[in-house]
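Chemist: Following is a predicted model, sequence given first.
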Amino acid sequence: MQAFSNCGLCASGSLLKGRTDFLVARRNMAVLRLSAACVQLLKDKANVFCRSRVHQRLLRLPEVGRSNTVAFSLGTSLCAVPFTQVENLSHESLIRRASCLVTDSANTYLSQTTLALVDALTQYAKALHTLIALQKRYITSIGKLTPAEEDNIWQVIIGQRVEVSDRLEECKRFESNWMNAINICELSAEAAYNSGAEHACTATKTNLQVAQCKVEELRKISKEAEKKLAETKAEEIQRMAEYASSIDINDLEDIPEAYLRED
């Protein structure tokens, strides 16, 4: 730019001189040629600069600033007015995001209720096996215990039966919550599928299958323990009947024959 201004000053200064002087005219022509050369040089430099990466980055600066401004205004508008329709956010996309949030909450509820029910079923099965062991110990010791020892073991058995009953009530309570979680997850998976969130629907159905398989496994263990307890009780009744009949026979042998004769 300085060269261009110098050339312009030279040209204006020379042209203001007397046009009749031949030497001055020749000098003016030389100055004009020099000015044209300076202009052409500046033009070439400008073209090179426009094609450079720095110039292209400078041209993109307004676009970057404008995109950042749009993103900030979009976020603030969502926070301020959730239901205001904003550019690039349709009702379908908002419903899809809301259904994903619902499935996340349903999965959390399902995981917590499943964990509680599994733990309750485990403790119930343990209480059943403890009661079975006490019942079998009593069966093997029928007729061998003193009245005091028999009372002590029966106190333990009764206490264990109370614990089994409490564990069963706990299982029923947690199972009710777990069934509610199952229903909520099924509804949320259906809602996610209808809104277009297939990945959330698939994840929820997978969690449902895992939870149901785990609970079903613990249920089978509890049912087997209940079956063994019923068998142990039947064995106890049979053993008590045998013991009672043996006592009656011994008592009859001790009675004198005179008391057994019919008149």
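Modeler: Ah, there it is. Residues are numbered from 1 along each chain as shown.
Chemist: from here on, contacts and neighbour counts on C-alpha atoms
Modeler: Fine.
Chemist: Report pLDDT for Thr84.
Modeler: For Thr84, the model assigns a pLDDT of 50.
Chemist: and what of Lys45?
Modeler: For Lys45, the model assigns a pLDDT of 55.
Chemist: now do Thr146
Modeler: 84.
Chemist: burial of it, as a residue count?
Modeler: Neighbourhood size, Thr146 [other C-alpha atoms under 10 Å]: 10.
Chemist: show me what contacts Asn177?
Modeler: Thr113 (C-alpha atoms under 8 Å, 6 or more residues apart in numbering).
Chemist: how much space between it and Val164?
Modeler: 20 Å (C-alpha to C-alpha, to the nearest Å).
Chemist: got it, and Ala125?
Modeler: 9 Å.
Chemist: So between those two, which is more surrounded?
Modeler: Between Ala125 and Val164, Ala125 has the larger neighbour count (other C-alpha under 10 Å), namely 24 against 21.
Chemist: which residue packs closest to that one, ignoring adjacent ones?
Modeler: Ser222 (5.0 Å; C-alpha to C-alpha, 6 or more residues apart in numbering).
Chemist: Sticking with Asn207, tell me its helix or strand.
Modeler: Applying DSSP states H and E as the criterion places Asn207 in helix 198-254.
Chemist: That helix - contacts with which helices or strands?
Modeler: Packing partners of helix 198-254 (3 or more C-alpha pairs under 8 Å, 6 or more residues apart in numbering; DSSP states H and E): helix 91-140, helix 147-195.
Chemist: what is the orientation angle of the first one with helix 147-195?
Modeler: Calculated by axes from the mean of the first three to the mean of the last three C-alpha atoms, to 10 degrees, helix 91-140 forms an angle of 160 degrees with helix 147-195.
Chemist: Report the angle between helix 91-140 and helix 198-254.
Modeler: 10 degrees.
Chemist: how close does Ala211 get to Cys185?
Modeler: Distance from Ala211 to Cys185, by C-alpha to C-alpha: 11 Å.
Chemist: typed the wrong thing, it's Arg161
Modeler: 36 Å.
Chemist: Please say which of the two ends up with more neighbours.
Modeler: Neighbour count, other C-alpha under 10 Å: between Arg161 and Cys185, Cys185 has more, with 26 against 16.
Chemist: right, and the more buried one touches Leu110 too?
Modeler: Yes: taking C-alpha atoms under 8 Å as the definition, Cys185 is a contact partner of Leu110 at 7.4 Å.
Chemist: shared neighbours of these two, which are they?
Modeler: Leu208.
Chemist: doesn't Glu169 make contact with Tyr124?
Modeler: No: when contacts are counted by C-alpha under 8 Å, Tyr124 is not listed as touching Glu169 (9.5 Å).
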